[in-house]
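In: Fold the following and give me the result.
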Amino acid sequence: MRTNVVLDEKLVKEALQLSGIKTKRELIHQALIEFVKNKKRKNLLDLYGKIEFKKDYDYKSMRN
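Out: Presented below is the predicted three-dimensional model:
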């Protein structure tokens, strides 16, 4: 999808330096990937405390 946006140049420059990415296009693509991963991780955290395991469930036996 092609789009035009106005970006904060100082922020873009800092992100390019920190990431080692060479182009703005690649930087934005990586930022979108990270954003989606982060949102999915947050959705998993919403499940905390809502899942109950059977009393006889032995998670340690599955590690072997």
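In: Please report how far Val5 lies from Leu45.
Out: 30 Å (CB to CB, to the nearest Å). Glycine gets a C-beta too; all of them are placed from N, C-alpha and C.
In: make that Asn64, sorry
Out: For Asn64, the distance to Leu45 (CB to CB) stands at 28 Å.
In: Looking at these two, which one has more neighbours?
Out: Shown here are Asn64 and Leu45; by other CB atoms under 10 Å, Leu45 has more neighbours (7 against 4).
In: for Lys42, helix, strand, or coil?
Out: When classified by DSSP: H, G, I helix; E, B strand; the rest coil, Lys42 comes out as helix.
In: and if you look at Lys54?
Out: coil.
In: any chance you could map the helices in the chain?
Out: Under the criterion DSSP state H, the chain contains helices at 9-19, 24-45.
In: and Ala31, how far is that from Leu45?
Out: Per CB to CB, Ala31 is found 21 Å from Leu45.
In: I should have written Thr3 there, sorry.
Out: According to CB to CB, Thr3 stands 31 Å off from Leu45.
In: swap in Lys55?
Out: 25 Å.
In: how about low-confidence regions in this structure?
Out: Scanning the chain for pLDDT under 70 picks out nothing.
In: how deep is Glu34 tucked in, by neighbour count?
Out: Per other CB under 10 Å, the neighbour tally for Glu34 reads 11.
In: what's the answer for Arg63, then?
Out: Arg63 has 6 neighbouring residues, counting by other CB under 10 Å.
In: For it, list the residues it contacts.
Out: Neighbour list for Arg63: empty [criterion: CB atoms under 8 Å, 6 or more residues apart in numbering].
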